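> What shape does this take:
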Amino acid sequence: GAGEAAGSGADLALFPRRRVPAAALHVTGDTGLLPPCFTLVPPVRRARPRAGVGSGAPGP
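You can find the predicted model right below:
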């Protein structure tokens, strides 16, 4: 059958990005439906700061 995951908006937004564990959510029904959601949301890449930006060095 179907399943449901409930939690705060922040937890539900962060879960597919693997930033919050499933244990933080209230999950009912088929928990086997949770892992496929990771394929629906691409991983977030963090941008690398450019030299001189955010490093504390004075800018041009």
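> any idea how far residue 38 is from residue 49?
Here the criterion is C-beta to C-beta, to the nearest Å. By it, residue 38 lies 27 Å from residue 49. In this view, the C-beta of every residue, glycine as well, is placed from N, C-alpha and C.
> what about residue 22, neighbour count?
13 (other C-beta atoms under 10 Å).
> do residue 49 as well
When neighbours are defined as other C-beta under 10 Å, residue 49 has 9 of them.
> For it, which three-state class applies?
coil (DSSP: H, G, I helix; E, B strand; the rest coil).
> what are the phi and psi angles of it?
Main-chain torsions, residue 49, degrees, to the nearest 10: phi -70, psi 140.
> In this structure, spot the helix with the most residues.
helix 9-14 (DSSP state H).
> Can you list the buried residues in it?
residue 11 (16 or more other C-beta atoms under 10 Å).
> Also stretch 17-37?
20, 24, 25, 27.
> How much space separates the first one from residue 50?
Summarising the geometry, the distance separating residue 20 from residue 50, computed by C-beta to C-beta, is 30 Å.
> what does residue 11 give?
The gap separating residue 11 from residue 50 is 33 Å, by C-beta to C-beta.
> just to revisit the earlier point, paired strands for the helix or strand just after the longest helix of the chain, with orientation please.
Elements were assigned by DSSP states H and E; along the chain past helix 9-14, the next helix or strand is strand 26-29. Sheet partners assigned to strand 26-29 using DSSP bridges are listed as strand 3-6 (antiparallel).
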